[in-house]
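*Asks:* build the 3D model from these lines:
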Amino acid sequence: MVIANLIAYILVLLGAVNWGLFGIFNFNLVSMIFMGPRSVGSIIVYSLIALAALWLIISPMITNGVLKLQGNREARTTD
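*Replies:* Numbering: from 1, shown residues only. Just a heads-up that it's a prediction; the model follows:
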């Protein structure tokens, strides 16, 4: 669950950076990397970003309002 949340968070941040670049500079990073806004690679990346955003919306509902980005850390004692 933690890995899925981290991957989704990174993908959503990538989408936000792409929208920021597009809004400020009219530069679409994803379409530049994949040589076109409707290329197969661009469509896959856009779909993954959309699924990641949906996951970040749904995940806290599944885990009672907690979005975990770190694993459980137990206190270690030295004997």
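*Asks:* please name the nearest non-neighbouring residue to Ala8.
*Replies:* Ala52 (3.8 Å; CB to CB, 6 or more residues apart in numbering). All C-beta spots, glycine's among them, are computed from the backbone N, C-alpha and C.
*Asks:* state the helix or strand in which the most centrally placed residue in the chain lies.
*Replies:* Central residue of the chain (CA atoms, centre = their mean): Leu11, 2.4 Å from the mean position. Counting by DSSP states H and E, the element that carries Leu11 is helix 2-25.
*Asks:* report all helices and strands that the next helix-or-strand element following that helix contacts.
*Replies:* Sequence order places helix 29-33 as the next helix or strand after helix 2-25, per DSSP H and E. Packed against helix 29-33 by the contact rule (3 or more CB pairs under 8 Å, 6 or more residues apart in numbering; DSSP states H and E) you find helix 2-25, helix 40-62.
*Asks:* where does the prediction get shaky in this protein?
*Replies:* Where the chain drops to pLDDT under 70, the residues are 72-79.
*Asks:* that older thread, next, the buried residues of the helix holding Leu11.
*Replies:* Asn5, Ala8, Leu11, Val12, Leu14, Gly15, Asn18 (16 or more other CB atoms under 10 Å).
*Asks:* same question, stretch 24-32
*Replies:* Residues of stretch 24-32 classed as buried: Asn28, Leu29, Val30, Ser31 (neighbour count, 16+ other CB under 10 Å).
*Asks:* start and end of it, how far apart?
*Replies:* 16 Å (CA to CA, to the nearest Å).
*Asks:* quick one: that stretch to chain centroid distance?
*Replies:* Distance, stretch centre to chain centre, for stretch 24-32: 18 Å (CA atoms, centre = their mean, to the nearest Å).
*Asks:* give me the contact list for that stretch.
*Replies:* Val17, Asn18, Leu21, Phe22, Pro37, Ser39, Ser42, Val45, Tyr46 (CB atoms under 8 Å, 6 or more residues apart in numbering).
*Asks:* now for these: which two are most distant?
*Replies:* Pairwise distances across those peak at 19.3 Å for Val17 and Ser39 (criterion: CB to CB).
*Asks:* show me what contacts Leu11?
*Replies:* Each residue near Leu11 by CB under 8 Å, 6+ apart is listed here: Leu48, Ile49, Ala52, Ala53.
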